[in-house]
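[1] Return atomic coordinates for the entry below.
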Amino acid sequence: MDINQKKKAAAEAALAYVKPGMIVGVGTGSTVNFFIEALAAARVQVDGYVASSIATEQRLRSQGLNVLDLNQTGDIPIYVDGADEIDIYFRMIKGGGAALTREKIVASAARQFVCIVDDSKEVNMLGKFPLPVEVLPFARSFVARQLVKLGGNPTLRQGVSTDNGNVILDVVGLDFTNPVELEREINNIPGVLDNGVFAKRRADVLLVGGNDGVQTHKPQQ
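    Down below sits the predicted model:
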């Protein structure tokens with residue numbers, strides 16, 4: 001089974017968590033695109049969808065799916081999204097698609113976060129994938145210096161402006177021994193909007209597409 005087949009299988013498995021009358025949060029990325037295709041084919045009678053990015057909103061609308069504003073929905077029952085890395089405790093690195101801040105907001109507004117990945121995204125410890133940090137352009141150099149003090153090596157993601165009009169610093173070399181503390185410490189740097197560590201709001205269910213089909217996991221405590 002190739003990687004796209006694994007992603008598609010995990011995405012389609014997430015349909016089991018979508019019930020009539022729900023408002024469904026939808027993430028961003030290649031695996032989520034398969035989920036959107038599955039939603040369009042299934043036509044579950046939900047109340048609507050909250051998108052985590054402009055790209056996802058456009059993709060949902062192109063499939064004729066009703067998009068709602070999170071400001072009007074309040075908290076939502078479920079959020080479905082992928083991850084760039086996920087560990088055994090369901091803590092993640094996200095933001096390869098530069099949508100990390102809105103993804104974290106929608107995930108935090110959801111009572112259940114269903115993460116859909118192929119088996120290459122499972123890791124024992126986070127940190128191999130560069131950590132995206134969304135930064136106000138005015139503060140880019142200052143924030144980069146603070147990230148260096150934390151042991152990181154930040155690089156500006158060229159040609160990328162987030163949906164919020166900010167830049168992304170991709171950081172390698174950080175210590176992920178305590179992801180919750182690292183997430184908090186980076187977010188306390190003035191000029192940082194958010195970072196791609198999803199440790200405080202981790203996933204509740206993990207659907208992993210692999211050669212033997214889709215495995216469903218619940219996090220270790």
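[2] In terms of helix, strand or coil, where does Arg111 fall?
    Secondary structure for Arg111, judged by DSSP: H, G, I helix; E, B strand; the rest coil, is strand.
[3] Going along the chain, name the strands of this structure.
    Taking DSSP state E as the criterion, the chain contains strands spanning 23-26, 48-51, 67-68, 76-81, 85-86, 92-93, 110-118, 131-135, 153-156, 167-172, 192-195, 197-198, 205-210, 213-217.
[4] domain assignment for the chain?
    Following automatic domain parsing, one finds the domains of the chain at 3-124+200-217, 131-196.
[5] one step back: I'd like the strands of the chain laid out as TSV, including mean neighbour count and mean pLDDT.
    For every residue, glycine as well, the C-beta is placed using N, CA and C. TSV is the format used below for the strands of the chain (neighbours: other CB atoms under 10 Å; pLDDT from 0 to 100):
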stretch	mean neighbour count	mean pLDDT
strand 23-26	25	98
strand 48-51	23	98
strand 67-68	16	98
strand 76-81	24	98
strand 85-86	24	98
strand 92-93	29	98
strand 110-118	23	98
strand 131-135	27	98
strand 153-156	16	98
strand 167-172	21	98
strand 192-195	22	98
strand 197-198	30	98
strand 205-210	22	97
strand 213-217	14	96
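[6] Excluding chain neighbours, what is closest to Glu57?
    Ala51 (3.8 Å; CB to CB, 6 or more residues apart in numbering).
[7] Is it correct that the one you found is in contact with Val32?
    No. If you go by CB atoms under 8 Å, Ala51 and Val32 don't touch, sitting 9.9 Å apart.
[8] Need the residues touching each of the two.
    When contacts are counted by CB atoms under 8 Å, 6 or more residues apart in numbering, the set common to Ala51 and Val32 consists of Val26.
[9] Okay, buried residues for stretch 161-180 please.
    Residues of stretch 161-180 classed as buried: Thr162, Asp163, Asn166, Val167, Ile168, Leu169, Asp170, Val171, Leu174, Phe176, Pro179 (neighbour count, 16 or more other CB atoms under 10 Å).
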